[in-house]
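[1] here's a sequence, model it:
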Amino acid sequence: MEIDAIHKALANPVRRQVLQWLKEPERYFAEQDHPLEFGVCAGLLDKRVGLSQSTVSAHLAILQKAGLVTSRKVGQWNFFKRNEETIQAFLAHMNNGL
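    Numbering: from 1, shown residues only. This next block holds a predicted model:
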């Protein structure tokens, strides 16, 4: 677990918001045609964030590099999910480390 990469990823409010939405995808992305078990389609994240596709992709790449999200490609679509294992390990580290 890269603690500094996680801190960097969480320093941006857009990335924190994406993680919050991904925590309850059925609430925020109910209109998705594919099963939410795949994750949330990058296109829906682009729409909800309201920034350019390239900017959202950069945010998702930082979250993925930090291990906070995972991605899965299905056909032409990329889907993103929270990596709960890493998130819980980070929270435990912060709880015990400070």
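[2] where do the helices sit along the chain?
    3-10, 13-23, 25-28, 42-49, 53-65, 84-97 (DSSP state H).
[3] now render these as a markdown table, adding mean pLDDT, distance to Ser71 and mean neighbour count.
    C-betas here are computed from N, CA, C, even on glycine. Below are these laid out as a markdown table (pLDDT from 0 to 100; distance: least, Cβ to Cβ, whole Å; neighbours: other Cβ atoms under 10 Å):
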| stretch | mean pLDDT | distance to Ser71 | mean neighbour count |
| --- | --- | --- | --- |
| helix 3-10 | 96 | 14 | 15 |
| helix 13-23 | 97 | 11 | 16 |
| helix 25-28 | 95 | 14 | 13 |
| helix 42-49 | 94 | 8 | 17 |
| helix 53-65 | 96 | 6 | 16 |
| helix 84-97 | 93 | 14 | 12 |
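[4] so which of these comes closest to His34?
    Checking those against His34 by Cβ to Cβ gives helix 42-49 as the closest, at 9.9 Å.
[5] which residue packs closest to Gln17, ignoring adjacent ones?
    In space, Gln17 comes closest to Val49 once its chain neighbours are excluded; the distance is 7.5 Å by Cβ to Cβ, 6 or more residues apart in numbering.
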